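> sequence and predicted structure, then a few things I'm wondering about:
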Amino acid sequence: MITHLANPDRQLAADIRAGSITFAGNKRMKIFGTLRCAQGKRMKRENRIFFQSIDEAINEGYRPCGHCMNVAYHKWKMDLFNNNIDETRNLLPQDGTVNYYGNILSPKAADRYLDYLLASIPWQHDEAVIFGKHYLTKRKVAWYADMPYEYTYSKVTKRAVVWTAELLELKAIVEQKTGERFNSCLLNLYHDGNEGMAWHSDGEKDLMKDGAIASLSLGAERKFAFRHKQTKETISLMLPHGSLLVMKDTTQTHWLHRLPPTTTVKRPRVNLTFRMMLR
Ligand SMILES: O=C(O)CCC(=O)C(=O)O
Ligand SMILES: [Fe+2]
């Protein structure tokens, strides 16, 4: 880190040629950018500071300029919300794998997808058969897939509709993050905290056995919990707007999961679970 005031311009030119100066920062604003940045050139000499590398600037607490360092700026923003989330850490102590990826969408993108999903998905109340009686849930669902697959859960057979462009974008983002492939997605709409989902596992015979299920959450932040079928051990976490959780390996065989209702949440939540159906 070198200040501009402490350096005669001749020395500065030599440092730039030698590569010991590659970025300039603003001491007052704690922003850094390239030496050619138009915004950077306007700053007062006494505020100007130089760095050799991006790492040096970030370690000093500077953030990348949104004009001349767009890619680094977006990475810095995502790292900021995800402060130190380790997506390789297994949240389960045994008998399955659950990985939490934190926020995978910027707040703006997450807002945009949530607005789209609330307005454009043909949401329908979910149907279940319990002791031979048909029930409609308060929660609404929609099911999308590569083909109009049939899928049975809660003793009711549903037929998928084919992807929209926006759902395909989300599927591509989730596949890129997780390295997995998915051919279908169940969407759930919880209008407020009164709606949730009871303890269950997603081990239906139409699903690929031990396949990954990737769960993308949008809207109101809600608690999500796992409970081991034998030991009854429970693990829970919060799922914020734009976050991704992946369940895989033998998770569905040994663990139940649920979305507990909560009276404090007044806003809707949309959850997308990307799955691999057997065909
Ligand atoms: O809403 C959620 O987070 C989970 C939904 C779920 O478990 C399911 O659709 O099977
Ligand atoms: Fe589930």
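Everything's here; your move. In this text the structure is predicted, and so the values were computed from the model without any measurement. Ligands and ions are numbered 1, 2, ... in the order given.

> next to ligand 1, which bits of the stretch 101-250 of the chain? Give me the list.
186, 188, 197, 202, 215, 224 (C-beta under 6 Å from any ligand atom). The way it works is simple: take the backbone N, C-alpha and C, and place the C-beta from them, glycine included.

> go again with 8 Å.
Residues of the stretch 101-250 of the chain found near ligand 1, taking C-beta under 8 Å from any ligand atom as the criterion, are 141, 186, 188, 190, 197, 200, 202, 213, 215, 217, 222, 224, 239, 245.

> the last one: how many residues sit nearby?
Looking back up the chat, that one is residue 245. 22 (other C-beta atoms under 10 Å).

> kindly report the same for the first one.
The criterion is other C-beta under 10 Å. On that basis, residue 141 has 17 neighbouring residues.

> going forward, the N-terminal residue is numbered 31.
Yes, from this point I'll number from 31; that puts the last item at residue 171.

> which helix or strand lies directly C-terminal to the helix or strand encompassing it?
Under the criterion of DSSP states H and E, residue 171 resides in strand 163-175. Counting by DSSP H and E, the element after strand 163-175 in chain order, helix or strand, is strand 180-183.

> contact partners of that next one?
Contacts with strand 180-183, where a contact means C-beta atoms under 8 Å, 6 or more residues apart in numbering, come from 173, 175, 187-190, 214, 232, 234, 236, 307.

> helix or strand next in line after that strand, which one?
Per DSSP H and E, the helix or strand that comes after strand 180-183 is strand 186-189.

> quick one: strands adjacent to that next one?
strand 180-183 (antiparallel) (DSSP bridges).

> now the strand it pairs with: average pLDDT?
Mean per-residue pLDDT for strand 180-183: 82.

> so what's residue 172 up against?
151-154, 191, 216-217, 219.

> roughly how far apart are it and ligand 1?
According to C-beta to the nearest ligand atom, to the nearest Å, residue 172 stands 11 Å off from ligand 1.

> how close does that residue get to residue 198?
For residue 172, the distance to residue 198 equals 15 Å [C-beta to C-beta, to the nearest Å].

> how about residue 35?
54 Å.

> over to residue 274?
In terms of C-beta to C-beta, residue 274 sits 17 Å off from residue 198.

> between those two, tell me which one has more neighbours.
Remark: of residue 274 and residue 198, residue 274 carries more neighbours, 23 against 13, as counted by other C-beta under 10 Å.

> which SSE is residue 266 in?
strand 264-269.

> that strand: partners in the sheet, and parallel or antiparallel?
strand 252-258 (antiparallel).

> would you mind listing the buried residues in the strand it pairs with?
Across strand 252-258, burial judged by 16 or more other C-beta atoms under 10 Å covers 252-254, 256-258.

> could you dump those residues to JSON lines with pLDDT?
Compiled in JSON lines, these are given as follows (pLDDT from 0 to 100):
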{"residue": "252", "pLDDT": "97"}
{"residue": "253", "pLDDT": "97"}
{"residue": "254", "pLDDT": "98"}
{"residue": "256", "pLDDT": "98"}
{"residue": "257", "pLDDT": "98"}
{"residue": "258", "pLDDT": "98"}
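
> neighbours around residue 194, how many?
By other C-beta under 10 Å, neighbour count at residue 194 equals 14.

> what about the strands in the stretch 31-180 of the chain?
32-33, 53-56, 61-64, 78-81, 93-94, 127-133, 154-160, 163-175, 180-183 (DSSP state E, counting those that start in this stretch).

> which of those strands sits most buried?
Of the strands of the stretch 31-180 of the chain, the one with the most neighbours on average (mean count of other C-beta atoms under 10 Å) is strand 53-56, at a mean of 24.

> neighbouring contacts of that strand?
So strand 53-56 is contacted by 34, 61-65, 67, 70, 73, 77-84, 87, 90, 92 (C-beta under 8 Å, 6+ apart).
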